[in-house]
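[1] Structure for this input, please:
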Amino acid sequence: SSGEKLARRSLNSLLVPEFPFERVPSLLQRSTADAASAAAAMLTKSAVSINGRGDGFPISSCLTVILLFHHETPRVNGTVFCLSSLGRDVLNRYRRASVSSRLFLNARWRWTPYEHIARQVPTRGLILDLGSGHGLLSLTMSLSEPARVIRGIDHDTRRVTSARHAAAGIANVTFATGGLLEAAAQENLHGKVAGIVVMDAMHYLTFAEQEAFLTHARAALQPGGILVMRDVDADAGKTFFINRLHERVMTGLGITRAEHLHFRSRTDWLRILTNAGLECESQPCSRFLFADQLFVCQVPAVALSEAA
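    Presented below is the predicted three-dimensional model:
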């Protein structure tokens, strides 16, 4: 059917960074009533076959394709998931990745404001990207500011390998395998880190581990250092339900390795961040459907004066 053809075209387009997403509105006008259901059916079938090979197909990718055919397609600054030149540079580095990984990374880039998040961290010095995954944010930070020294750490060896391949030839970024707590607790880093970024990973720790991590992160940061953290607001109502469903499916399928999920409200995140000795602000940091909050925190001014 015409809906199936349009669905297949958009599915293929997500694999190509150069796809002109500014043309999506005209595609939407030409779409048929069964386009969304056709896309969903195709992606469901693909998910089964891809997962059968042990390579995950995330829900966010499915949502992106389906929304391309919906009249409520998300728009950011008047565009529909358009790529900047930096976005093309980053995504082009994953051309050797598997089809499912490329689909996931292209969809995730368009769903997550990586460039905005990268602008929140210092423009020079050591930056820890903890829970760095495939390396999208690490590459964004390294390519946009050469004076940064980026160290990405993730517990998934396959994702670390993918990130290393993508970062080939970039001098100011490295990747290693490790856990959040262990990375933040390294004694040789105390007071030497300019910035720490934790994207969508804190809820995989227990509540006690979350507070311990923030204590270690605060100790690792140098005077004026910045902690940038994105996580879910458990008080966000229906949108939180979508986040929780997404995470349960991802962990249930083994795409994300985690034993438990521990969410907090925005107010509670701010409480434990403040208790850890950080001055914080928060802002919504998600496109359509999700309830993510971005917390930008700094070592307080009193610490700066003491250091002086």
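[2] average model confidence for stretch 260-269?
    Confidence over stretch 260-269 (mean pLDDT, whole number) is 90.
[3] scratch that, stretch 179-187 is what I was asking about
    pLDDT averaged over stretch 179-187 gives 94.
[4] start the count at 121, not 1, going forward
    Sounds good: first residue 121 from here, last item stretch 299-307.
[5] If you count neighbours, what's buried in that stretch?
    Going by neighbour count (16 or more other CB atoms under 10 Å), the buried part of stretch 299-307 is G299, L300, A303, A304, A305. C-betas here are computed from N, CA, C, even on glycine.
[6] How about stretch 215-226?
    Counting neighbours by 16+ other CB under 10 Å, stretch 215-226 gives A217, S220, S221, R222, L223, F224, L225, N226 as buried.
[7] For the last one, give its distance to G207.
    Counting by CB to CB, to the nearest Å, the gap from N226 to G207 is 9 Å.
[8] And the fifth one, by the same measure?
    Distance of L223 to G207, given as CB to CB: 16 Å.
[9] hang on, isn't Y234 packed against L257?
    Yes - using CB atoms under 8 Å, Y234 makes contact with L257 at a distance of 5.5 Å.
[10] where's the residue lying closest to L398 once chain neighbours are set aside, which helix or strand?
    Leaving out its chain neighbours, the residue that sits closest to L398 by CB to CB, 6 or more residues apart in numbering is C417, at 3.9 Å. Using DSSP states H and E, C417 sits within strand 412-418.
[11] circling back: pull the contacting residues for the residue nearest to L398.
    By CB atoms under 8 Å, 6 or more residues apart in numbering, the contact set of C417 is I346, L347, V348, M349, L393, L398, E399, C400, E401.
[12] What strands flank the strand ranked longest in the chain, and is each parallel or antiparallel?
    Ranked by residue count, the top strand of the chain under DSSP state E comes out as strand 341-352. Strand 341-352 has the following strand partners under DSSP bridges: strand 313-319 (parallel), strand 412-418 (antiparallel).
[13] ok so, going back, with neighbour numbers in mind, choose between Y234 and L257.
    Of the pair Y234 and L257, L257 is the one with more neighbours under other CB atoms under 10 Å, namely 26 against 23.
[14] which secondary structure element contains the more buried one?
    helix 256-264.
[15] Next secondary structure after that helix?
    The helix or strand immediately downstream of helix 256-264 is strand 268-274, counting by DSSP H and E.
[16] Averaged pLDDT, that following strand. What do you get?
    Taken as a whole, strand 268-274 has an average pLDDT of 98.
[17] Adding distance to S406 and mean pLDDT as columns, could you present the strands paired with strand 341-352 in TSV?
    As requested, the strands paired with strand 341-352 are exported to TSV (distance: least, CB to CB, whole Å; pLDDT from 0 to 100):
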stretch	distance to S406	mean pLDDT
strand 313-319	12	97
strand 412-418	4	95
